[in-house]
Structures are given as C-alpha cells and as structure tokens.
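*Asks:* One predicted model, sequence on top.
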Amino acid sequence: MSFELVPVPQTDADIPEIENILDNAFGLSRRTKTSYRLREGNCAAAGLSLVIRDREVGIAGCISYWPITIGHATKPALLLGPLAVHPLRQNLGIGLKLMQVSLSKALELGHSLVLLVGDLPYYARVGFHQVPGGQLDLPGPYDPKRLLYLELVAHALATANGLVLSAPRSNALLAALAKPHG
C-alpha cells in the first residue's frame, strides 16, 4: 500500500476525482437524496473538506461538511457528507480517520453539532447517535432512524428543534420574513 492515513485539505483540482468516487459509492441517483437538497446552493464549511491521497488510486477517501440551520431559532450546525472511500481502499480505516480528524477540526473551528443521514453502526464508532423521534425534520423524504447527530459541545442537541435547512436557504427565508409587508 502506498499511502498513509493523513487527511489533507481538498483542492479544486480534486473535485472531478471526488465526483467519480461519490458516483461509485452512492450511484448516479445520489443527487436526488434529501441530504443533497441541503447542499444545493450551499458552500462546504471552510477547512473541513479533506481527502486522503494514495499514489496508486489517487484519492483514497474524501469527506465534506455543510453549514445548516435548525428550526425557527436558526441554530447553526453542520451536515456531514458525503464521506466516501475508493472501492480498492475500503475497510482500511480511511473513513474513520477522515471523520476523526475532521470532527476534531470542526470543534477547533467552534462548531457544536453535526448531523448526517447514514448507518448508525458505522457512524457510532465516532460517537454518533440517532436523533430522538420528532425533534428534527428534513426537507424531503428520509428514514428518521438514519438521522444521526454528534454533539461536539455537550447538550448542543438540547436546543435544536424543528426543520433543518441549508444555511443559505434559511438566510433567504429570514430575509423574506423580515421585509415589511404592504
């Protein structure tokens, strides 16, 4: 194997290769999923898009996070995803390392809460839990059992309640509501 588990910042030049890995991991219909609705018109959270490189396969794994808001109080949070590993590099700890390093960076950058839609047994390895039923809702179809959270700061989920929106969509909605009527 010709790589170390050292996540580095993603570059713009990585995007085509990352898109190929994501298509392979999640299929071409991945863009129709609710989690992708939260990424549309949104920019990845600064400093949290990471890759692990490999001389043989190129990018061995990638992870990104997206700013989101929750509920009428517009509590800020992050949406983890996508996280993907090259098919020839799976089951080597790459996904786990990407999560460990990026979640540590997210805490350093002042983030307090991370959400994702995924498989609990996989994400529980870094501390994710299932969101209590009815506390949060996503804008589109999803399996509530797959809506997971990780508190980077204790009790961050306690003040989160309601609809999850992308940060840009939430800001546009707030601006529209703030305009005087008449």
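*Replies:* Cool, got the structure.
*Asks:* can you give me the helices for the protein?
*Replies:* 15-26, 34-37, 94-108, 120-123, 167-178 (DSSP state H).
*Asks:* Just the buried positions in stretch 48-60, please.
*Replies:* 48-54, 57, 59-60 (16 or more other Cβ atoms under 10 Å). For every residue, glycine as well, the C-beta is placed using N, CA and C.
*Asks:* should've said stretch 128-136
*Replies:* Going by neighbour count (16+ other Cβ under 10 Å), the buried part of stretch 128-136 is 128, 131, 135-136.
*Asks:* just how off-centre is it within its chain?
*Replies:* 16 Å (Cα atoms, centre = their mean, to the nearest Å).
*Asks:* which residues of this protein fall in strands?
*Replies:* 8-9, 50-54, 58-70, 75-85, 113-117, 129-130, 136-137, 147-151, 162-166 (DSSP state E).
*Asks:* what pairs with the longest one, and is each one parallel or antiparallel?
*Replies:* As defined by DSSP bridges, the strand partners of strand 58-70 come to strand 50-54 (antiparallel), strand 75-85 (antiparallel), strand 162-166 (antiparallel).
*Asks:* what about that strand, distance to the chain center?
*Replies:* The answer for strand 58-70 is 5 Å, by Cα atoms, centre = their mean.
*Asks:* could you check the angle strand 113-117 makes with that strand?
*Replies:* 110 degrees (axes from the mean of the first three to the mean of the last three Cα atoms, to 10 degrees).
*Asks:* still on that earlier bit, could you export the strands of the chain as JSON lines, including mean pLDDT and distance to residue 91?
*Replies:* Shown next, in JSON lines, are the strands of the chain (pLDDT from 0 to 100; distance: least, Cβ to Cβ, whole Å):
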{"stretch": "strand 8-9", "mean pLDDT": "96", "distance to residue 91": "22"}
{"stretch": "strand 50-54", "mean pLDDT": "96", "distance to residue 91": "14"}
{"stretch": "strand 58-70", "mean pLDDT": "95", "distance to residue 91": "12"}
{"stretch": "strand 75-85", "mean pLDDT": "94", "distance to residue 91": "8"}
{"stretch": "strand 113-117", "mean pLDDT": "97", "distance to residue 91": "20"}
{"stretch": "strand 129-130", "mean pLDDT": "98", "distance to residue 91": "24"}
{"stretch": "strand 136-137", "mean pLDDT": "95", "distance to residue 91": "31"}
{"stretch": "strand 147-151", "mean pLDDT": "98", "distance to residue 91": "21"}
{"stretch": "strand 162-166", "mean pLDDT": "91", "distance to residue 91": "31"}
